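S.K.: need a 3D model of the sequence below.
(2 chains)
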Amino acid sequence: MTKIYDAVVIGAGHNGLVTAAYLAKSGLSTLVLERRDVVGGAAATESIFEGFRFDTGAHRIGSLHPSLMNDLELGRHGVEILHLDPPVFAPLADRRRLLLWRDPQRTAESIREISKADADRWVPFTQLVAQAAGLLEAAYATTPPNVVTGGARDLWTALKLAARLRRLGKKDMIEVLRILPMSVKELLDDWFESDALKGTLAATGITGIFQGPMAAGTAFTFLHHHVGVASGVLRPTTRVRGGVGALTTGLAAAAAARGAEIKTNSEIARVLVEDGKATGVVLETGDEIRARRVISNADPRRTFTQLVQPSELNPEFARKIGNIKFKGACAKVHLALREPPDFTCLPGSGHHLNGVISVSPSIEYLERAYDDAKYGDVSQRPYLEAIIPTVTDPSLAPTGKHIVSIHVQYAPYSLREGKWDDERRQALGDAVVETLAEYAPNLESAVLQRHVLTPADLEDTLGLTEGNIYHGELTMDQLFFMRPVPECARYRTPIENLYLCGAGTHPGGGVTGAPGYNAAREILRDVKGRG
Amino acid sequence: MTKGANYDAIIVGGGHNGLVNAAYLARAGKHVLVLERRHVLGGATVTEEIFPGFKYTVLSYVVSLLRPEIIRELDLPSHGLEILPLESTVTPLPNGDYLGRWADHDQTRRELYRHSPRDAEAYDDYGKLMYHLAYAVKPIVAMVPPDPTSLSFKDLRGLLKVGKHFRSLGEEQFHALFKLMTMSSSDFLDEWFETVPLKATMSASGIIGTFLGPRSPGTAYVLLHHYMGELDGAFRAWGFARGGTGAISASIAGAARKFGAEIRTEAGVTQVTVKDGRATGVVLDNGDEISARVVVSGLDPKHTFLNLVEANHLPGDFVDTIRRFKIRGSSGKVNLSLSELPNFTCLPGVGPHLRGAISISPSVDYIERAYDDAKYGDFSRRPYMDIIIPSMIDPTMAPPGKHVMSIFVQYAPSDLTGGWNETKREAFGDAVINTLSQFAPNLPSAILHRQVMTPWDMERDMGLTQGNIFHGELSLHQLFFLRPAPAWCDYSTPLKNYYQCGSGTHPGGGISGWSGRLAALKVLKDW
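M.R.: Below is the predicted model of the structure:
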């Protein structure tokens, strides 16, 4: 008789692995199926060029769900978290620069070189951010309550969140509520005067979304990226030694140690549905695998348009899935270098190369980059977040050599005319190298190899719909009980025994493991409920 | 309350909300004085004969939200209020075609079908949803917002009411409402329609009075306002007041006078007098002092709290909040006297389209580009425009055979790079005429007179801070209990006996009278 698994997880992205590890830990026979030859999905480290290992998707991680390290003994499985300091180096014109440090006082001193007033406001601002992010953190740790038709438990969750909000005290509570729907520009204009400081912070408000910093709602995105971050630190840069892939291989090892099976090169053709219930999956090879429950780490669009037959879905639900905004906005550029970039404003090597290098000299610069994209063009002067991991982690390149990983915004998935092709891919690569070379002139001659991932490439290689790195835009209308659609906000779906666990669910993208953790909790609750 | 005061209540500013407030207070038997700085009543709700024989609706020009209970309770028709329907919205397109939406449902459906059969189908479903949502939201808009930080019984009860109300909507409507509150109008409409000018023209209503483009989140909510307007009980209708919007102010003033209110024009208030932490009256620009038991300001929050009252009478936190209140102006107005009607290439000659609105909004990209100019400190070279020809609806607005045209224009940023001056104002006017003449080539030669209102003019003439037509931007963080400042959203202020009744309070914006009425009820409740 064929084996029936307790759970099959589609996709070995970091959230899928987290869910699998927790299910296996609770004694469920669990199988993870990954289409690619490596685990990790958008959190993988791969040899693109001989001897050079790149984080092909995310090149830094968010705040990992606080329970993961201990529950899954990730340290034992080789996961070492690096909090880079300074997290951000922003090169500016005229040999000026801005450094954000983990120590707020030290950051204030760096800011003082460009604005005395801003330096004085830095610490109070970090406190406001910590408070607002703390509130979001409470919301992120819970399964979104059904506030409309939900029962006592949903109301209790909602009340607990409301109580958490009230605990902030009147003044702070109001301030938090006030800033959530603002633009990140309005938020920063209330506090600071320096273009460079505002640009460097505002970049966090637009990361991964198809909006500029002047659009309402970007203050929320800014706060989102500070959930779980140590108080006083803004724009943290956190990596995993050996690359982000070390996290996912560590998670895979942790899952395997708890009894989960993980198979790569196993593409799913479809989810088996019988009488409205998921009963397993069919592989591309035609093999069937039976399971009591199926958990998809793929994004919701892919899950419901490619893995599930349309006939299994109610048309209204299908319409909502079709309406989820993806709007990929970013590209990745990977460079293999013979020498590290040498910045005009801070020549030579030094601490400044530890964290990310942010090309975001002003809010207007970012907004103009968005303007190009809004009409379907690649930004002529894009926002760049570059990282040289070999500075703190030399094992990723041959001795003496370096790599640079660059997150590029904006590169729209939908172009005004035509489609992404190699010519456009190379033009994007050229624009990125030229932009960074304005601050580090040796860059162009230092490049040994270059690899460019357009939004279309991100879709093709990593399975990210429209190249959206978050499995669906992280905007307010697609968060909390709306993420990805209200019917799936609690990780369950209209198809019984089919669950979602990826970044397309609450609380969304970034390498945090939070969706996977929450999904596992809900699945186990259902398992228990049925005895 | 001050004993022996000259009046029970002084209303600062004879805009429509101030007048509504005065009328309700007078109706309750209070001895009321309205003080208006200008020679004419109405504030931004005014009709003026700028050039002999040509009556301009200088700023506001249409009405849809005026509360039916106000019309009824103040019996405004007996004071001359008559609302004439606007029958259509036509969007001329650069290719010589147009998109029309008409009062006649079947005609609209046929027209939409011509552009997209799919959209013709979706339009009805969309209308139904918005109609339901407008009904659902109305009680929230009509209530005095509860203060969520307060633990008072009244506020908790208010919060509970809001919560229960939302639960009663049912899931589908609640989620649709949530999307409306958080999405951009462009994204929201993309879920429904494919016809470019239809999406553009509808999304334009989401940007009016905001400093946002149609692709910015937060603009979808205003789409709902269009379905909230009630004209004699008929939802969704836009109307034109016979005699222009000034006739609305005049009818409210008439009602207020009938109830015994005294109204003085050319009586600007420079200061609210304060004694022992209470407002006691006002000082006029001629130095006269008038005392009253309460003072109600119909001016915007900046004027109300930063100019009329000395800062030491207000809590520092509160003053900071008001300073941070966003009130950037983003729109302009051009009023024209015409020797002949504009002849639109897409619909030549005289037709019913000239009795409705004409919207220059061929695509979302077009409006978005207009916004791009403004966000970097320039006025739009190719602006979004909402145009009506009042003389086609009410012939008394212009001499026989002649016409007046009212053009609402966005964007004209208040903080224009280098500041506004007369040259820039005329350059702005030229950009408007130039753009419009591409759709109606005879327009430039038909112009007899032209009045251009920039945010600079609105501030100077009408007293609108930064020329913001809504007394403060209608963005999510400035609505409901946050308008104009948290905990001071119930029309009272931190200064005892001082109240606010302008558009800068909940629900804000448009000629609704809502704020004026709710504020009057609050004053009477506290009496």
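
S.K.: quick one: contacts for the nearest residue to residue B:82 once chain neighbours are set aside?
M.R.: In space, and not counting its chain neighbours, residue B:82 is closest to residue B:242: 4.3 Å by Cβ to Cβ, 6 or more residues apart in numbering or on different chains. To be clear about C-beta, it is placed using only N, CA and C from the backbone, and glycine gets the same treatment. With contact taken as Cβ atoms under 8 Å, 6 or more residues apart in numbering or on different chains, residue B:242 is in contact with B:82-84, B:394, B:396.

S.K.: what of residue A:16?
M.R.: A:9-10, A:32, A:41, A:295, A:297, A:501-502, A:516 are the contacts of residue A:16 under Cβ under 8 Å, 6+ apart.

S.K.: and with 10 Å instead?
M.R.: For residue A:16, the contacting residues are A:9-10, A:32-34, A:39-41, A:248, A:251-252, A:255, A:262, A:295-298, A:501-502, A:515-516, A:519, by Cβ atoms under 10 Å, 6 or more residues apart in numbering or on different chains.

S.K.: what about residue B:447, how many neighbours?
M.R.: When neighbours are counted by other Cβ atoms under 10 Å in any protein chain shown, residue B:447 registers 15.

S.K.: and the nearest residue to it once chain neighbours are set aside, what pLDDT?
M.R.: With Cβ to Cβ, 6+ apart as the criterion, residue B:447 has its nearest non-adjacent residue at 5.5 Å, and that residue is residue B:336. pLDDT for residue B:336: 98.

S.K.: give the bridge partners for residue B:336, please.
M.R.: residue B:405, residue B:450 (DSSP bridges).

S.K.: how near is it to chain A?
M.R.: Distance, residue B:336 to chain A, using Cβ to the nearest Cβ, to the nearest Å: 32 Å.

S.K.: and whichever residue of the stretch 251-400 of chain A sits closest to chain B, how many neighbours does it have?
M.R.: Closest approach between the stretch 251-400 of chain A and chain B, counting by Cβ to the nearest Cβ: residue A:323, at 4.7 Å. For residue A:323, the count of nearby residues is 16 (other Cβ under 10 Å).

S.K.: which pLDDT value goes with the residue nearest to it when sequence neighbours are not counted?
M.R.: The spatially closest residue to residue A:323, leaving aside those adjacent along the chain, is residue B:191, at 4.7 Å (Cβ to Cβ, 6+ apart). At residue B:191, the pLDDT value in this model is 95.

S.K.: related to what we said a few turns ago, drop anything exposed from the contacts of residue B:242.
M.R.: B:83, B:394 (16 or more other Cβ atoms under 10 Å in any protein chain shown).

S.K.: tabulate the contacts of residue B:242 (JSON lines), appending pLDDT and secondary structure.
M.R.: Below are the contacts of residue B:242 laid out as JSON lines (pLDDT from 0 to 100; DSSP: H, G, I helix; E, B strand; the rest coil):
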{"residue": "B:82", "pLDDT": "94", "secondary structure": "coil"}
{"residue": "B:83", "pLDDT": "91", "secondary structure": "strand"}
{"residue": "B:84", "pLDDT": "91", "secondary structure": "strand"}
{"residue": "B:394", "pLDDT": "96", "secondary structure": "coil"}
{"residue": "B:396", "pLDDT": "96", "secondary structure": "helix"}
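
S.K.: of the contacts of residue B:242, which is the nearest to chain A?
M.R.: Lowest distance from chain A to the contacts of residue B:242 (Cβ to the nearest Cβ) belongs to residue B:83, with 33.1 Å.

S.K.: so which strand or helix has residue 213?
M.R.: In the absence of a named chain, this looks at chain A. Using DSSP states H and E, residue A:213 sits within no helix or strand.

S.K.: the intended chain is chain B.
M.R.: Counting by DSSP H and E, residue B:213 is part of no helix or strand.

S.K.: again with the one 10 residues further on
M.R.: When elements are assigned from DSSP H and E, residue B:223 belongs to helix B:221-228.

S.K.: do me a favour and average the pLDDT over that helix.
M.R.: The model assigns helix B:221-228 a mean pLDDT of 77.

S.K.: how about that helix as CSV, C-alpha atoms only?
M.R.: Only the C-alpha atoms of helix B:221-228 are listed here, as CSV (Å, rounded to 0.1, in the frame of the first residue of the first chain):
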residue,chain,number,x,y,z
TYR,B,221,-11.8,56.2,-0.5
VAL,B,222,-13.0,59.4,-2.1
LEU,B,223,-14.6,57.4,-4.9
LEU,B,224,-17.2,56.5,-2.3
HIS,B,225,-18.0,60.2,-1.8
HIS,B,226,-19.5,60.3,-5.3
TYR,B,227,-22.0,57.7,-4.2
MET,B,228,-22.8,59.4,-1.0
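
S.K.: roughly how far is that helix from the heart of the chain?
M.R.: Helix B:221-228 has its C-alpha centroid displaced from the chain centroid by 13 Å (Cα atoms, centre = their mean, to the nearest Å).

S.K.: next: stretch B:445-457.
M.R.: 20 Å.

S.K.: ok, now stretch A:360-374?
M.R.: Worked out by Cα atoms, centre = their mean, stretch A:360-374 lies 21 Å from the chain centre.

S.K.: thinking residue B:283 is in contact with residue B:272, fair?
M.R.: Yes: under the criterion of Cβ atoms under 10 Å, residue B:283 makes contact with residue B:272 at 8.0 Å.

S.K.: helix, strand or coil for the residue nearest to residue B:252 when sequence neighbours are not counted?
M.R.: Nearest residue to residue B:252 in three dimensions, chain neighbours excluded: residue B:19, at 4.1 Å (Cβ to Cβ, 6+ apart). Each residue gets one of three states, and residue B:19 gets helix by DSSP: H, G, I helix; E, B strand; the rest coil.

S.K.: residue 302 - how many residues pack around it?
M.R.: Because you didn't say which chain, this covers chain A. Using other Cβ under 10 Å, residue A:302 has 21 neighbouring residues.

S.K.: should've been chain B
M.R.: Count around residue B:302 with other Cβ under 10 Å applied: 21.

S.K.: so who does it touch?
M.R.: Shown in contact with residue B:302 (Cβ under 10 Å, 6+ apart): B:308, B:322-323, B:325, B:327, B:464-466, B:468, B:471-472, B:484, B:504.

S.K.: ok, back up a step: now the residue nearest to residue B:82: how far from residue A:349?
M.R.: 77 Å (Cβ to Cβ, to the nearest Å).

S.K.: please apply the same query to residue B:439.
M.R.: Distance from residue B:439 to residue A:349, by Cβ to Cβ: 61 Å.

S.K.: what does residue B:150 give?
M.R.: Counting by Cβ to Cβ - residue B:150 and residue A:349 are separated by 56 Å.

S.K.: which one of those two is surrounded by more residues?
M.R.: residue B:150 (16 against 13).

S.K.: quick one on the thing from earlier: what values do phi and psi take at the residue nearest to residue B:82?
M.R.: Backbone torsions for residue B:242, taken as degrees, to the nearest 10, come to phi -60, psi 130.

S.K.: quick one: pLDDT of it?
M.R.: At residue B:242, the pLDDT value in this model is 96.

S.K.: again, but for the one 10 residues further on
M.R.: Turning to residue B:252, the model gives it a pLDDT of 98.

S.K.: helices and strands around whichever strand or helix holds it, which ones?
M.R.: Taking DSSP H and E as the criterion, residue B:252 maps to helix B:245-258. Contact analysis of helix B:245-258 by 3 or more Cβ pairs under 10 Å, 6 or more residues apart in numbering or on different chains; DSSP states H and E lists helix B:16-27, strand B:32-35, strand B:47-51, strand B:54-57, helix B:68-73, strand B:239-241, strand B:262-264 as its packing neighbours.

S.K.: fine by me, we can end here.
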